[in-house]
Structure formats: C-alpha cells, structure tokens
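> Pasted the sequence and its predicted model underneath.
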Amino acid sequence: MTGYSISFVVPMYNEAANIEGTLSKLSRLAAELSADYEIIVSDDASTDNSAGIVERLASQDKRIKLVRLSKNTKFGGALSAGLNNVSKDVVIYTDADLPVKEDDVRKGLALLDDADVITGYSMVIKDTTLKRIVMSKGYNFLVQLLFGLSIKDINSGFKIYKSKVVKDLKLISRSPFVDVEIFAEADRRGFKIRQFGLLFDLRTHGVSTISRFPVVIRTFLDMLKYKFTR
C-alpha cells in the first residue's frame, strides 16, 4: 500500500478490443496500491461498443466510473473530463491499451516523495517510421521553443500528478496538446516535474489516432490558442 488514495484516469476512443483487459489489470493493481481508489474511464464519443463494456463493468464494481462525451474531441476533451472527475490524492493517467508495466507504475509512485508530477518517457524509439520521427522531433522542438519545457516524451501514455496540480485547472485544449498545457501550467505554478525512463509495451489491438491529419491540425491550433491567450 502506498498511503495515497488514487484516481486512475483512462481516456478512451474505440477501444473495445482493449478496455476490458485494461480495466481488469488496473483493478488488480489499484487494489494492491491503495485501499481507496477509483478508475475513471473518459469516453471520447466512441462509435464502437467501448462505452457499453465499461458500463457493464461499472455495474459490477462501483470503483469503475464512466464519463461520456457527446462529441469527439481528439483526446484533449476526454482527458480534461476525466481529470475534472477525480476525487483522490494522486492521479495516474494511462492510455486505454495500458502501455505501461505494473512495476513502472510502482516506480513512478515512489518518486512522488520529491516531485509533484511524474512523467514516463520511452527509452527506445516507439515508432521508427520517418513520418512519426519527424513529427515527434518537430513537435518537441516547438514545445521547448514556445513554452520552455524540456520534456523528453511529452505525450507519453503514463503520467502521475498530485491532485493539487490538476485541481481547478481550466484546460482549453481539446487535442493531444492538452499534455503540454498541463505541464506548462504546472511549471508556471512552481510544481516540480520529474521524468524517468521506461519501456512501453507496444499496442497489439486497436489503432492509435494521434498522428492522423485532423488530430495534428487540432493540436497545432490548440498550441497557438494557448500561446496567445494564456
């Protein structure tokens, strides 16, 4: 037991092939970590049976909670909605295909003694296609240039926040840029951010949408909006 109460937040879009297995693993892990936990699945207007699966599991376990968005937001709105519903001391965000190992969750929690935000970064290149490498390096360069954030893998699928970091945040991003917005706000408010390397598991079911053109455009627009309105 960690001594913390824990909120897991899992944004989800069309993850029918993954979500039941993910929630089964998270439930076992959460019970080992804390006597007081919740698992919040934030559905970004899925068009498959993802939400139905979560509803069924939530009816069997009151610690599993479903938040549903009526319109797809390209990830950011789903993460924001999930964070708005947390009620515990510590927030653990992970992707719906659960790319992080249980031991790495434990290692991350152990680092909270001297940090407010823990973020995992991949120690290997996750996608070796030229397109994804160029997009990733270009995006990270812009994030550092515009916001002064030296985060190695800012959109990684594993982050831990003390609840005071995300409480009452008025997030404006509705795309994957929401990760940058959270880090920028945490940095501006003086919270300590710590990074650690790990090996993420590769996705075996379902499809990631983060590199699709509409998501990329929405991310860029959110970047400009945040830069010039905050």
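Received, thanks. Numbers count the residues shown, from 1 in each chain.
> Give me the buried positions along the helix or strand of the chain with the lowest mean pLDDT.
In the chain, no helix or strand scores lower on mean pLDDT, DSSP states H and E than helix 130-147, which sits at a mean of 85. Within helix 130-147, the residues that count as buried by 16 or more other Cβ atoms under 10 Å are 135-136, 139-140, 143, 147. For glycine as for every other residue, the C-beta is placed from the backbone atoms N, C-alpha and C.
> Equivalent analysis for stretch 213-230, please.
Buried residues in stretch 213-230, counted by 16+ other Cβ under 10 Å: 215-216, 218-219, 222-223, 225-226.
> now it: mean pLDDT?
Averaging pLDDT along stretch 213-230 yields 91.
> Now do it: distance to the chain's middle.
On the basis of Cα atoms, centre = their mean, to the nearest Å, stretch 213-230 is displaced by 18 Å from the centre of the chain it belongs to.
> Can I get it in PDB, CA atoms only?
Taking C-alpha atoms only, stretch 213-230 is exported to PDB below (Å, rounded to 0.1, in the frame of the first residue of the first chain):
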ATOM      1  CA  PHE A 213      -4.100  14.700 -40.000                       C
ATOM      2  CA  PRO A 214      -7.200  16.200 -38.300                       C
ATOM      3  CA  VAL A 215      -5.600  15.500 -34.900                       C
ATOM      4  CA  VAL A 216      -2.300  17.100 -35.900                       C
ATOM      5  CA  ILE A 217      -4.200  20.200 -37.200                       C
ATOM      6  CA  ARG A 218      -6.200  20.400 -34.000                       C
ATOM      7  CA  THR A 219      -3.100  20.100 -31.900                       C
ATOM      8  CA  PHE A 220      -1.300  22.900 -33.800                       C
ATOM      9  CA  LEU A 221      -4.400  25.200 -33.400                       C
ATOM     10  CA  ASP A 222      -4.600  24.500 -29.700                       C
ATOM     11  CA  MET A 223      -0.900  25.300 -29.400                       C
ATOM     12  CA  LEU A 224      -1.400  28.700 -31.000                       C
ATOM     13  CA  LYS A 225      -4.500  29.300 -28.900                       C
ATOM     14  CA  TYR A 226      -2.800  28.600 -25.600                       C
ATOM     15  CA  LYS A 227       0.300  30.500 -26.600                       C
ATOM     16  CA  PHE A 228      -1.600  33.700 -27.400                       C
ATOM     17  CA  THR A 229      -4.400  33.600 -24.800                       C
ATOM     18  CA  ARG A 230      -2.600  32.500 -21.600                       C
END
